[in-house]
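Participant: this is a predicted model, with the sequence first.
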Amino acid sequence: MQTMTLAALWAISIASAGGDAADGAALYTTYCAACHGVDGRGPVGANFVEDKTRLAKPDAELLASIAEGKTTERGAMPPFAAVLDERQRADVLAYIRATFGEGPSPAPPRP
């Protein structure tokens, strides 16, 4: 049985509330653009534009990656839980989805 971290559980509750893309724009510029690029093409970090699998993931998984950091084939993203609060992380994700993806993540199917 897989256990979820506290950050992941909190991410699920924030994701269901949604973030504000307008508020996320300035946060993205400050904390994310250096690695992910202003255009989302990721000179160092994940490429949100050309790699559609990145934003195909559920909000909870992406919010957990933002909070806890992630190591990938392109390098390591630091954790932002101590830098951005839950609402700010949801706002950044909303901005990323609105700007580089297909818009808000669809609601998960009901069991």
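Facilitator: Alright, I've got the coordinates.

Participant: give me the contacts around stretch 41-55.
Facilitator: 32, 34-37, 39-40, 62, 72, 74-75, 77, 96-97, 100-102 (C-beta atoms under 8 Å, 6 or more residues apart in numbering). In this view, the C-beta of every residue, glycine as well, is placed from N, C-alpha and C.

Participant: again, only using 7 Å
Facilitator: Applying C-beta atoms under 7 Å, 6 or more residues apart in numbering, the external contacts of stretch 41-55 come out as 35-37, 39-40, 72, 74-75, 77, 96-97, 100-101.

Participant: contact partners for Gly40?
Facilitator: 48-49, 99-100.

Participant: farthest-separated two in those residues?
Facilitator: Val49 and Thr99 (9.4 Å; C-beta to C-beta).

Participant: about what we covered before: next, format the contacts of stretch 41-55 as TSV and append distance to Ala26, secondary structure and pLDDT.
Facilitator: Shown next, in TSV, are these (distance: C-beta to C-beta, whole Å; DSSP: H, G, I helix; E, B strand; the rest coil; pLDDT from 0 to 100):
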residue	distance to Ala26	secondary structure	pLDDT
Cys35	17	helix	95
His36	15	helix	95
Gly37	16	coil	96
Asp39	17	coil	97
Gly40	16	coil	96
Thr72	25	strand	83
Arg74	25	coil	77
Gly75	24	strand	86
Met77	19	strand	95
Ile96	13	helix	97
Arg97	16	helix	95
Phe100	16	helix	95
Gly101	19	coil	90
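
Participant: how about Tyr95, nearest residue that isn't a chain neighbour?
Facilitator: Gly24 (3.0 Å; C-beta to C-beta, 6 or more residues apart in numbering).
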